[in-house]
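got a predicted structure plus its sequence, pasted below:
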Amino acid sequence: MASDSGRRLAPSGRAFLLAFALATGVVAAAPAQDLGREATKGRSLSAAEAATLEARLLDNPQDLRARAQLVGYYHASRHANPRRHTEHVLWFIRNAPESEVLGSRPARISPMFDAEGYLEAKRAWQRLAQDEPDNVAILRHAAGFHAPSEAGFAAGLLRLAEAIEPSNPEWARELAELEWREARLFPEGRDPAGAARALVHLERAHELSGAAGRVDLLPDLALAAFAAGEHDKARTHARAMLEAAPRFRDRGDPLHYGNLVLGHLALNANDLEEARSRLLAAGLTGRRPIERFGAPDMSLAKALLHRGESGTVLEYLELCLDFWAEGEERLRDWIVLVEAGLVPDFRPLAF
């Protein structure tokens, strides 16, 4: 049996262990997809609650719910005890690498907090990917681990998964996310070549997805197309977002991004009147939240400020107050700066 010491079970051994533990009640019967939420829940544990869960693990190291919550707890306080966070994450990698907890943000090991632990996890994931190259769950989680710092290696893992499941749009989406992230780290703000590579993957994901998945992909399709210089494609995807917008009563993303992309296209063509109207239309979401980044995008507002359009930008910021309540303080700070003739450090920016 694998233990906290790091000896990994073979695939069949892991399956047998988990089946036996569930059958005998050793492991709390938690669906795999719930463990990511358990990790998120763990971020709000008190020190006393975390100590209780640690005591439970002494008696039952296979208590997946308890361990997942501790992953979240120690991630939230990893500056104080990074090694304990690493140890719980490594336990999952070595004992249950298919678990969805390893796809959650709390399961990320940062080399800034624990460089040695990061290297341990890196070696473990690379060994797993080599030993089980047909296990798409392992390939997904190993790619997610490597993506922030080793995008090329992560892309190779995702291509392996895509070869196994060529009709699954998830792999094309994740490959696009890698390319798009790299393209937006470019010194000039965005790399047209990287955006073009992301667009290829996004178009493949769009083709493979169902109707709902296609709508979800439209913002990235439009943004990547614009960044790649494919303005006709960007316009087509932006208009598709606006056509879909009335069907979304609980989110403002299609209306918001559809207008923003058309506004950027107008500004690129020096049509200031159209760009101004599109910016204001992007703020009229009917109080529906923007889910993609959790905040309204300020890239068109920033571009218009550089053209001297402070009045329109101030009106847009006031509109954003209607649907971005958690950002009220930031919005009011930006309003003061714009009124003073300054350009705020707007974030997040989609472009």
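That came through fine.

mind showing which ranges of this protein have poor pLDDT?
1-33, 185-189, 348-351 (pLDDT under 70).

again, only using 80
Within the chain, the stretches with pLDDT under 80 are 1-33, 184-190, 249-250, 286, 292-293, 347-351.

would you mind splitting it into its domains for me?
According to automatic domain parsing, the chain comprises the domains 1-114, 248-351.

pretty sure E339 is in contact with L317, am I right?
No: here E339 lies out of contact with L317, judged by Cβ atoms under 8 Å, at a distance of 10.0 Å. Glycine gets a C-beta too; all of them are placed from N, C-alpha and C.

more neighbours: those two, which one.
Set E339 next to L317 and count neighbours by other Cβ atoms under 10 Å: L317 wins out with 22 against 10.

helix or strand: which one has that one?
helix 310-320 (DSSP states H and E).

tell me which residues in that helix are buried?
Residues of helix 310-320 classed as buried: S310, T312, V313, L314, Y316, L317, L319, C320 (neighbour count, 16 or more other Cβ atoms under 10 Å).

let's have these in JSON lines, adding distance to T236.
Shown next, in JSON lines, are the buried residues of helix 310-320 (distance: Cβ to Cβ, whole Å):
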{"residue": "S310", "distance to T236": "32"}
{"residue": "T312", "distance to T236": "26"}
{"residue": "V313", "distance to T236": "27"}
{"residue": "L314", "distance to T236": "32"}
{"residue": "Y316", "distance to T236": "25"}
{"residue": "L317", "distance to T236": "29"}
{"residue": "L319", "distance to T236": "26"}
{"residue": "C320", "distance to T236": "27"}
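
and the residues you listed, which is closest to R123?
Nearest to R123 among those: C320, at 45.8 Å, using Cβ to Cβ.

who's in contact with that closest one?
Residues in contact with C320 (Cβ atoms under 8 Å, 6 or more residues apart in numbering) are G283, P296, G327, L331.

contact partners for the last one?
In other words, L331. Applying Cβ under 8 Å, 6+ apart, the residues contacting L331 are L317, C320, L321, W324.

could you say which helix or strand holds R83?
helix 82-95.

what element comes up after that helix heading to the C-terminus?
Sequence order places helix 115-131 as the next helix or strand after helix 82-95, per DSSP H and E.

packing partners for the helix holding R83?
Judged by 3 or more Cβ pairs under 8 Å, 6 or more residues apart in numbering; DSSP states H and E, the packing partners of helix 82-95 are helix 64-76, helix 115-131.

please work out which of those is packed deepest.
Ranked by mean neighbour count under mean count of other Cβ atoms under 10 Å, the helices and strands packed on helix 82-95 are led by helix 64-76, which reaches a mean of 25.
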